[in-house]
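Participant: Sequence and predicted structure, then a few things I'm wondering about:
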Amino acid sequence: MTQETVVGQEQMEFMNSQDAKASEKKKSLSIQELIESLKSTADDIGQISELSSEERILVSQFFLSFLNLMKPLTTSIAVNQIVLPTQLSDIVQAHIDPTGHLALLFTDGHLELKDLSEEKNRDLMMSVIGDILPKFKNLTALQKRKLENRIKMLSSVTKEIQKSADALSASTV
C-alpha cells in the first residue's frame, strides 16, 4: 500500500467517525426535540380540557338565559339556511326554539332536531347564534314598541274613563 492510500483510508475512517458522531448527535437532538414536543402537547391537552370545561359551563348558562329571555317573546326564531353547513343544503326551513334545539325541515319532508348545546354541534351553534341574535334584538324592540303603544292607548283611555267616573260620582253626590 502506498502512503497516499493509507492517508486516504485514515481520512475516510475519520470522516466516517465524524458522520457517526453527527448522526448520533442528530438522533439525540431529535429525541430531545420529540420529548419537548410531547411536553408541549401535554400542556396543550391540559389547556384543551380546561377550555372544554369552561365552554360547557358557558353554553349551559347561555341556553338557560336564552330560554328565560326568549320564552315570553316567541316559540322559535327562523334561521337563515345560508349560515348552515353545506352538508345541510337540502333544508327547507330551520328554526331554533328557546331550549336551544334547532328544528330542521328537509326537502323530503322529514324533521330533524339538533341539540345545539351538545359538544358535537358547537360549530353549528356558533353559526346559528350569529344569525339569530340580531333577529332576537328585533323581537325585543318589537315587543317594547307593542308595550309602549298599549300603554299609550291605555293611558289615554284610562284618563277619559276616570274623567267620566269622576263626573258621574260628582253628579250622584
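Facilitator: Nice, thanks for sending it over. Here the structure is a predicted model, which is why all the values come from computation and not from measurement. Residues are numbered from 1 along each chain as shown.
Participant: The most centrally placed residue in the chain: what secondary structure?
Facilitator: Per CA atoms, centre = their mean, the C-alpha nearest to the average position across the chain is that of residue 126, at 3.3 Å. Of the three states, residue 126 takes helix according to DSSP: H, G, I helix; E, B strand; the rest coil.
Participant: okay, it: pLDDT?
Facilitator: We have a pLDDT of 95 for residue 126.
Participant: Going along the chain, name the helices of this structure.
Facilitator: When secondary structure is read from DSSP state H, the chain shows helices at 3-70, 122-171.
Participant: how about a markdown table for those, with distance to residue 88 added?
Facilitator: All C-beta spots, glycine's among them, are computed from the backbone N, C-alpha and C. Formatted as a markdown table, these follow (distance: least, CB to CB, whole Å):
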| stretch | distance to residue 88 |
| --- | --- |
| helix 3-70 | 20 |
| helix 122-171 | 8 |
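Participant: Pull up the per-residue confidence for residue 162.
Facilitator: Value for residue 162, per-residue pLDDT: 91.
Participant: Equivalent analysis for residue 63, please.
Facilitator: 93.
Participant: Ignoring the adjacent residues along the chain, who's closest to it?
Facilitator: residue 100 (4.1 Å; CB to CB, 6 or more residues apart in numbering).
Participant: give me the beta-bridge partners of residue 103?
Facilitator: residue 95, residue 113 (DSSP bridges).
Participant: Output the below-cut-off pLDDT ranges for this structure.
Facilitator: Under the criterion pLDDT under 70, the flagged ranges of the chain are 1-29, 173.
Participant: now with 80?
Facilitator: In the prediction, the chain carries residues with pLDDT under 80 at positions 1-29, 89, 171-173.
Participant: So if we follow the domain assignment, how does it break up?
Facilitator: Domain ranges of the chain: 1-63, 71-171, per automatic domain parsing.
Participant: Tell me which of those sits most buried.
Facilitator: domain 71-171 (a mean of 13; mean count of other CB atoms under 10 Å).
Participant: how far out from the middle of the chain is that domain?
Facilitator: When distances are taken as CA atoms, centre = their mean, to the nearest Å, domain 71-171 is centred 20 Å away from the chain's centroid.
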